[in-house]
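>>> Structure for the following, please:
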Amino acid sequence: MENLDVMVLRTLHGWRAAGRRALLATVVRTWGSSPRPVGSIMALCEDGAVVGSVSGGCIEDDLIDRHTRAYAQSAPPDVARTDADHRIPSGPPTFVKYGVSADEAHRFGLPCGGTLELLLEYDPDPVSLAELIAALEAGRLVQRSVRLADGVVTLSLATTPGDLVADSVQITNCFGPEYRMLLIGAGQLAEYLATMAQFSGFAVTVCDPRDEYRAAWGVPGVTVVNDMPDDAVRAFKPDRRTCVVALTHDPKLDDLALLEALSTDAFYVGGIGSRRNNQARRARMIEHFDQTEEDLLRLRGPIGIYIGSKTPPEIAVSVMAEVLAVKNGVTLPRDMEVAQAKNVREWPQDETDGLVCGVRAA
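Sure thing, here's the model as predicted:
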């Protein structure tokens, strides 16, 4: 599955390029709790089709009811409605606010005290949408500014991601290329992790020079390459929206890929393995590849968060959770780290030294 924003923009462009009327809704402000963050987008077509989300569903239903005829036949007989009630308006963008009162917040499924404000753009220009999609597909970070007076859109390249900015003149939202995941190793764990990453909006590439593993790969929508892992990392050109995860358990494959990834801007670099194997990996990198402890600060391992996982799908859940936490800027408690959690659950080694069944051996 592709990045949700790209999916929304691509679908919206398809509607507009075909001459269909549509609107783009953007969350521009929230107060209290809200189901979707500022900057979230959804698109609505004149036939009631929706892609994307600005809430848990109730606000989308209200927009469909207001601006399309999709619900017209199910309207109560005592409610008089005209065609204008079911039509996407023309003109400049408008704001609409949901959840102002407690009753309205409950009606639209907003959390207690939650209020959000949307910007509705009517019939966005398909040419501008195509330019934005092309820039995102090329891996660029783009600022999209909408002039409130007339809806004119301006696109400009950005150097760093930014939050949505709203003032009395325009709304500027930052769109980035999709997140990417490079997996080293095409084994069973990689298949589960690739599947979860795709559903989380990552474009996934798997590298494995071993023919027997590549031949058994069964996850559609994933790019599979047979390069040596360090060459694959260089070709992949990891950036701040990229994670690199080594899963082969083979130092000849994992170590070189991880070393190469540590020299990039990848937001997450980690390798599978036990606490002992990860300590051995770090020792090898320091002894044979002139790395220092400081050089290896970004190297994660054992990877994942501690959930007592044993099976490949459970381990994939653990790893994906950590990747998403790092992506979203969440600092996890130390007792959720795999190594720390396992350490505190074991009998301290210094207390058991020389003890057999609780009795000190002679």
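
>>> residues near P92, how many?
14 (other CB atoms under 10 Å). The C-beta positions use only the backbone N, C-alpha and C, and glycine is treated the same way.

>>> Return the list of helices and strands in contact with whatever helix or strand V269 lives in.
If you go by DSSP states H and E, V269 is part of strand 268-271. Strand 268-271 sits against strand 242-246, helix 251-262, strand 299-300, helix 312-327, with contacts defined as 3 or more CB pairs under 8 Å, 6 or more residues apart in numbering; DSSP states H and E.

>>> Convert that strand to CSV, retaining C-alpha atoms only.
Once non-C-alpha atoms are left out, strand 268-271 reads as follows in CSV (Å, rounded to 0.1, in the frame of the first residue of the first chain):
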residue,chain,number,x,y,z
TYR,A,268,16.1,3.7,11.9
VAL,A,269,19.0,1.2,11.5
GLY,A,270,18.8,-2.1,13.3
GLY,A,271,19.6,-5.8,13.1
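
>>> contacting residues around that strand?
Identification of contacts with strand 268-271 by CB atoms under 8 Å, 6 or more residues apart in numbering yields 243-247, 254, 258, 261-262, 278, 281, 298-301, 303, 319, 322-323, 326-327.

>>> Only the buried members of these: can you turn that into a PyMOL selection?
Restricted to buried positions by 16 or more other CB atoms under 10 Å, the PyMOL selection for the contacts of strand 268-271 reads:
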select buried, resi 243+244+245+246+247+254+258+261+262+278+281+299+300+301+303+319+322+323+326+327
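
>>> Do me a favour and average the pLDDT over stretch 32-43.
Stretch 32-43 shows a mean pLDDT of 84 in the predicted model.

>>> Might you report the residue contacts of A158?
Applying CB under 8 Å, 6+ apart, the residues near A158 are L141, V142, Q143, C174.

>>> Could you export these to JSON lines, including columns for pLDDT and neighbour count?
Listed next are the contacts of A158 as JSON lines, based on pLDDT from 0 to 100; neighbours: other CB atoms under 10 Å:
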{"residue": "L141", "pLDDT": "89", "neighbour count": "19"}
{"residue": "V142", "pLDDT": "95", "neighbour count": "20"}
{"residue": "Q143", "pLDDT": "96", "neighbour count": "16"}
{"residue": "C174", "pLDDT": "94", "neighbour count": "16"}
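
>>> Out of those residues, which is nearest to A22?
Nearest to A22, judged by CB to CB, of the contacts of A158 is V142 at 20.3 Å.

>>> Any figure for the gap between that closest one and A266?
The span separating V142 from A266 equals 21 Å under the rule CB to CB, to the nearest Å.

>>> for V222, same thing?
18 Å.

>>> Tell me which of the two has more neighbours.
Neighbour count, other CB under 10 Å: between V222 and A266, A266 has more, with 25 against 20.

>>> what's the spacing between the more buried one and V233?
From A266 to V233 the distance is 9 Å (CB to CB).

>>> Identify the contacts common to the two.
With CB under 8 Å, 6+ apart as the test, A266 and V233 both reach V244.

>>> tell me which residues of the longest strand seen in the chain are tucked away?
In the chain, assigned by DSSP state E, the strand with the most residues is strand 22-31. Within strand 22-31, the residues that qualify as buried are A22, L23, L24, A25, T26, V27, V28, T30, counting by 16+ other CB under 10 Å.

>>> Tell me, how many residues neighbour A283?
The burial count for A283: 11, using other CB under 10 Å.

>>> what secondary structure does it sit in?
In three-state terms, and counting by DSSP: H, G, I helix; E, B strand; the rest coil, A283 is helix.

>>> Repeat that for W15.
W15 - assigned by three-state DSSP - is helix.

>>> strand partners of the helix or strand hosting V204, parallel vs antiparallel please.
Element membership for V204, per DSSP H and E: strand 202-207. Here strand 202-207 has these sheet partners by DSSP bridges: strand 179-184 (parallel), strand 223-225 (parallel).

>>> Quick one, which of those gets closest to A216.
That would be strand 223-225 among the strands paired with strand 202-207, by CB to CB, at 10.8 Å.

>>> For the closest one, list every residue counted as buried.
V224, V225.

>>> What's the first helix or strand after that strand?
helix 229-236.

>>> which of the buried residues of strand 22-31 has the weakest pLDDT?
For the buried residues of strand 22-31, the pLDDT minimum is T30, 88.

>>> All good on my end, thank you.
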